[in-house]
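A.B. asks: Sharing a model prediction with you, sequence too.
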Amino acid sequence: MPPPTLQHLRIAKFLERCFDREIERLYLAWESLREAGQRTEAETSQLPDVLVVHKQDAEALLHEPTVFTAPGILAAEIVSTNWRDDYLHKLAEYEALGIPEYWIVDYLALGAARYIGSPKRPTLSIYQLAEGEYQLQQFQADAAIISPTFPQLQLTAVQIFQANL
């Protein structure tokens, strides 16, 4: 797989920093990590672009390969050429595992119209787990995002897409 674009990397860094600020501000015993593994099935792991986890779960892996077996709190994927993985496979795996919140950041509008609408526009999809199933909210342009995990996070979709560090 080719390496991600610079913008992809900047968005991941931007999200990690935003999540870290909220975690610190709220004195939560959580940690956000880029490229940490999330075990989704017995023989399957994913590498979300950003994963928010309980600090105690992170500490248990301090000197081990960083593959979390306990579900993370929030997983964020930034869409690239393998958009089907983000919208189909990872969504199903994270939902089955019980990750409470899953973000798909489709900053280039690469996903199919059935996922992001028509005409296709950059879209942030936030899936929230409710009674074992993901419920979807989508945000575009200057729409203020709503995150159940970070309800006071004050960001718009376009701020995330531009990742102004």
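C.D. replies: Arrived safely, thanks for sending.
A.B. asks: Could I get the phi/psi values of the closest residue to residue 79 other than its chain neighbours?
C.D. replies: Spatial nearest neighbour of residue 79, excluding adjacent residues (Cβ to Cβ, 6 or more residues apart in numbering): residue 106 at 4.2 Å. All C-beta atoms are positioned from the backbone trio N, CA, C, and that covers glycine. Per-residue torsions, residue 106: phi -100, psi 70 (degrees, to the nearest 10).
A.B. asks: what's the burial count for residue 106?
C.D. replies: By the criterion of other Cβ atoms under 10 Å, residue 106 has 26 neighbours.
A.B. asks: Okay, and the beta partners of it?
C.D. replies: Beta bridges link residue 106 to residue 123, judged by DSSP bridges.
A.B. asks: Surely it touches residue 83?
C.D. replies: Yes - counting by Cβ atoms under 8 Å, residue 106 sits close enough to residue 83 to count as a contact (7.0 Å).
A.B. asks: quick one, strands of this protein?
C.D. replies: Ranges of strands in the chain, per DSSP state E, are 30-34, 37-41, 44-46, 50-54, 67-68, 74-78, 101-106, 123-130, 133-139.
A.B. asks: The fourth one pairs with which strands?
C.D. replies: Read it as strand 50-54. Strand 50-54 has the following strand partners under DSSP bridges: strand 30-34 (antiparallel), strand 74-78 (antiparallel).
A.B. asks: Of these, give the one that comes closest to residue 20.
C.D. replies: strand 30-34 (5.4 Å; Cβ to Cβ).
A.B. asks: quick check: mean pLDDT across that closest one?
C.D. replies: The average pLDDT for strand 30-34 rounds to 97.
A.B. asks: Please export the C-alpha coordinates of it as CSV.
C.D. replies: Presented in CSV, the C-alpha positions along strand 30-34 are these (Å, rounded to 0.1, in the frame of the first residue of the first chain):
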residue,chain,number,x,y,z
TRP,A,30,-7.6,8.3,28.2
GLU,A,31,-4.9,8.6,25.5
SER,A,32,-5.1,9.2,21.8
LEU,A,33,-2.6,7.4,19.6
ARG,A,34,-1.8,7.4,15.9
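A.B. asks: end-to-end on stretch 69-83?
C.D. replies: Stretch 69-83 has an end-to-end distance of 24 Å (criterion: Cα to Cα, to the nearest Å).
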